[in-house]
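Q: Quick one: sequence and predicted model below, then my questions.
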Amino acid sequence: MTTTDMPTLPRMRDDFDFPLDPDAWGRGKKVCQYFDSDDETKVCTAEPEYFIRGYCWDPGCLHVHDWYYCLRHFGTNIGALAHDLCAQEPGDEIVWYLREGDVPARYQLIEWGRIGEEGAHPLPDPLRHA
């Protein structure tokens, strides 16, 4: 089967994504950056306690971003990422991400944890080799 013959399948978790402009969201202060992808007017403005550091879905963006979340939305996002990382085989990534021009989740995630503990337990950076 060639890549042109491969069926187009929906993403496993289409309800998850990082905010589009994470660094300007808080207007000078950190707020939970959760938003509902079905209704972007629904946002959480709770004070964040946790962060996720990584690359966004855009393969042309090589900047490392920090996203901040309250406990509830941090758990939701880490759970969605863990599901994607565990449930997808490399062949699935080709169908669900690469053919759409997106970066797979396993290449986005660099670090996560409690705010103030950044740099304590980083993962190997998938885009930068030592």
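A: Perfect, thanks for sending it. Residues are numbered from 1 along each chain as shown.
Q: For the chain, just list every one of the helices.
A: Remark: helices assigned in the chain by DSSP state H are 71-87, 90-96.
Q: wait, which of these is closest to G119?
A: The closest of these to G119 is helix 71-87. By CB to CB, the value is 17.6 Å. Bear in mind the C-beta positions are built from the backbone N, C-alpha and C, glycine included.
Q: mind listing the strands for the chain?
A: 35-36, 39-43, 50-54, 65-69, 109-114 (DSSP state E).
Q: For those strands, could you give me JSON lines that also reports mean neighbour count and mean pLDDT?
A: Output for the strands of the chain, formatted as JSON lines (neighbours: other CB atoms under 10 Å; pLDDT from 0 to 100):
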{"stretch": "strand 35-36", "mean neighbour count": "14", "mean pLDDT": "74"}
{"stretch": "strand 39-43", "mean neighbour count": "10", "mean pLDDT": "74"}
{"stretch": "strand 50-54", "mean neighbour count": "20", "mean pLDDT": "90"}
{"stretch": "strand 65-69", "mean neighbour count": "21", "mean pLDDT": "90"}
{"stretch": "strand 109-114", "mean neighbour count": "18", "mean pLDDT": "89"}
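Q: Out of the helices of the chain, which gets nearest to C56?
A: Evaluated with CB to CB, these place helix 71-87 nearest to C56, the distance being 13.2 Å.
Q: Ends of stretch 52-70, what's the gap?
A: This stretch, stretch 52-70, spans 11 Å end to end (CA to CA, to the nearest Å).
Q: cool, and stretch 55-65?
A: Terminal residues of stretch 55-65 lie 6 Å apart, using CA to CA.
Q: and what of stretch 53-66?
A: Note: stretch 53-66 ends 5 Å apart using CA to CA.
Q: from the middle of its chain, how far away would that stretch be?
A: The chain centre lies 9 Å from the centre of stretch 53-66; the measure is CA atoms, centre = their mean, to the nearest Å.
Q: and the gap between the nearest residue to Y55 once chain neighbours are set aside and D38?
A: Leaving out its chain neighbours, the residue that sits closest to Y55 by CB to CB, 6 or more residues apart in numbering is Q108, at 4.8 Å. From Q108 across to D38, the span is 21 Å (CB to CB, to the nearest Å).
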